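In: Next one to model:
(4 chains)
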There are 2 protein chains.
Amino acid sequence: MAKTRKVTNPLALAVLAWLLVEPMHPYELGRRLKESGKDSAIKYNRGSLYMVVEQLRKAGFVTEQETLRDTRRPERTVYALTGEGREELYDWLRELVAQPRREYPQFGVALSLLSVLEPADAAELLDRRLTTLGEEADETRATVRAATEGGVAWVFLIEEEYRLALLEAEHRFVTGLIESLRQPDYIRTWHEVFGNRQ
Amino acid sequence: MAKTRKVTNPLALAVLAWLLVEPMHPYELGRRLKESGKDSAIKYNRGSLYMVVEQLRKAGFVTEQETLRDTRRPERTVYALTGEGREELYDWLRELVAQPRREYPQFGVALSLLSVLEPADAAELLDRRLTTLGEEADETRATVRAATEGGVAWVFLIEEEYRLALLEAEHRFVTGLIESLRQPDYIRTWHEVFGNRQ
DNA sequence: GGGGTCATGTAATAGGTTACATGATTCT
DNA sequence: AGAATCATGTAACCTATTACATGACCCC
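Out: Next up, the predicted model:
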């Protein structure tokens, strides 16, 4: 089901969603994405934006509506959502909500190779991570608070709440992990088995 | 600091780590990655493997050690870790452990656009997600249990424990979210504001 | 009125995935 | 012996990121 999508970059989903509101040109899409803060959940960069818009056009999900050649600014092409684009938006979004996709977080990679590091070293590095995780959680809470006080409804902030939940979970996990790495048993065994390699 | 790395694909980190054990050819690397189950934490596919090995060679982190032309099998090139490769392995791994990187999970994208969906629909889709999340958590627990009973040390399973911690956190988060979506207040407001679009 | 930076887009390059190819082994 | 599968690698094709280009506006 996911395999049959003609465009897979998540940025394209955001484009479809914004075009649901009204037709606009790519640069404007990018501007709104940043202004609304959604670029913290969606990896955004201008080059990719023009690319996905072109992909969406080829796939028939958007159409060129008009090209403004108002002499003052570079020529801008305005795109509009098509019927198929609307369908794709709902279908894709509903799939993403209902079905967890397997992800490969970088920290998972690091953990899967953690036995390479000397236990004391690993524990100290994880301590540093804890500090940063705490700071990021604080920043996220501050963002949410500021937005809420500015009148933004909670539904437009759930991705931040989600991020916070993950940060907190990771914090707890790392705290426990550090403790395990400091068990004398593990330290001794590690030096017996891998010590020669360091 | 991360920007200066010559190779960035995490698969390359795993390659460096395995070559620390002994020199081997790419196919063998792939086989061990799968056998050890580390391919659940690291996105692995054969094409990418040959690509990153070549990148590592160009960067001077590995060298061609010999080419076996034992007539029975396709020609295989054995690669060995260089001094620089060893340095890079430790440096990269330590960075990954100590510093959280910003990630863009697909579910975050979906959440950032959740207001597009009708509340009742969204809640029902999230219910389905809960079921799958529970199943995945169960599978992960089973994997860990089986491996532990088979004598695998906990340190080789931490990435699974991490995955489990994230799955559980997401489960709790989604449970709460469903409740919020079912508040009459939200349902009414949504229909007032977005109802015309559906 | 020249130096930054905003607005907008295109082109060049690098990265990653899928598809293809081919000899060896094993199975029935 | 032919079919299926394993072992191994290369090539073609997409995707994504970076770098480049260019006119307008803004500020002392």
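
In: Pull the number of nearby residues for the residue in chain A that DNA strand D sits nearest to.
Out: For chain A, the residue closest to DNA strand D is A:Gly47, as judged by CB to the nearest atom of the strand, at 2.4 Å. (Glycine included, C-beta is placed from N, CA and C.) For A:Gly47, the neighbour count with other CB atoms under 10 Å in any protein chain shown is 7.

In: Assign a three-state SS to it, would you?
Out: Assigned with DSSP: H, G, I helix; E, B strand; the rest coil, A:Gly47 falls in the helix class.

In: Now do the same contact list for it.
Out: Applying CB atoms under 8 Å, 6 or more residues apart in numbering or on different chains, we find A:Gly47 in contact with no residue.

In: Also A:Met51?
Out: A:Met51 sits next to A:Asn9 when contact means CB under 8 Å, 6+ apart.

In: A:Leu33 versus that one, what's the distance?
Out: From A:Met51 across to A:Leu33, the span is 15 Å (CB to CB, to the nearest Å).

In: ditto for A:Asn196
Out: Using CB to CB, A:Asn196 is found at 52 Å from A:Leu33.

In: Please identify which of those two sits among more neighbours.
Out: Taking other CB under 10 Å, A:Asn196 and A:Leu33 do not tie; A:Leu33 has more neighbours (20 against 7).

In: And for A:Asp127, the neighbour number?
Out: Using other CB under 10 Å, the number of residues around A:Asp127 comes to 13.

In: Please name the nearest non-neighbouring residue to it.
Out: A:Ile178 (6.5 Å; CB to CB, 6 or more residues apart in numbering or on different chains).

In: What strand or helix carries the one you found?
Out: Counting by DSSP states H and E, the element that carries A:Ile178 is helix A:158-181.

In: Remind me what that helix packs against, helices and strands.
Out: helix A:119-149, helix B:106-112, helix B:158-181 (3 or more CB pairs under 8 Å, 6 or more residues apart in numbering or on different chains; DSSP states H and E).

In: which of those helices is buried the deepest?
Out: Highest mean neighbour count of the helices and strands packed on helix A:158-181: helix B:106-112, a mean of 24 (counted as mean count of other CB atoms under 10 Å in any protein chain shown).

In: Pop out the phi and psi values for A:Asn45.
Out: phi -150, psi 150 (degrees, to the nearest 10).

In: try A:Ser36
Out: The phi/psi pair for A:Ser36 (degrees, to the nearest 10) is phi -80, psi 0.

In: pLDDT wise, what is the closest residue to A:Ala153 other than its chain neighbours at?
Out: Closest residue in space to A:Ala153, ignoring its immediate chain neighbours: B:Thr189 at 7.7 Å, by CB to CB, 6+ apart. At B:Thr189, the model reports a pLDDT of 95.

In: And the one 4 residues further on, by the same measure?
Out: In the prediction, the pLDDT value recorded for B:Val193 is 89.

In: That one and B:Val116, how far apart?
Out: Noted for B:Val193: a distance of 12 Å to B:Val116, by CB to CB.

In: More neighbours: which of the two?
Out: Set B:Val193 next to B:Val116 and count neighbours by other CB under 10 Å: B:Val116 wins out with 19 against 11.

In: re the thing from before, with mean pLDDT and distance to A:Ala59 added, can I get the helices and strands packed on helix A:158-181 in a markdown table?
Out: Converted to a markdown table, the helices and strands packed on helix A:158-181 look like this (pLDDT from 0 to 100; distance: least, CB to CB, whole Å):
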| stretch | mean pLDDT | distance to A:Ala59 |
| --- | --- | --- |
| helix A:119-149 | 97 | 34 |
| helix B:106-112 | 98 | 18 |
| helix B:158-181 | 98 | 31 |
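
In: Ok, which of those helices comes nearest A:Glu75?
Out: helix B:106-112 (30.4 Å; CB to CB).

In: Can you name the residues that contact the nearest residue to A:Lys6 once chain neighbours are set aside?
Out: Nearest-residue entry for A:Lys6: A:Ala59, 4.0 Å, with adjacent residues in sequence omitted and distances by CB to CB, 6+ apart. Applying CB under 8 Å, 6+ apart, we find A:Ala59 in contact with A:Lys6, A:Val7, A:Glu84, A:Glu88.

In: Contacts only, for A:Ser36.
Out: Shown in contact with A:Ser36 (CB under 8 Å, 6+ apart): A:Phe156.

In: What separation do you get for it and A:Phe156?
Out: From A:Ser36 across to A:Phe156, the span is 8 Å (CB to CB).

In: What of A:Tyr186?
Out: In terms of CB to CB, A:Tyr186 sits 45 Å off from A:Phe156.

In: for chain A, which residue is closest to the average position?
Out: In chain A, the C-alpha closest to the average C-alpha coordinate belongs to A:Ala41, at a distance of 4.0 Å (CA atoms, centre = their mean).
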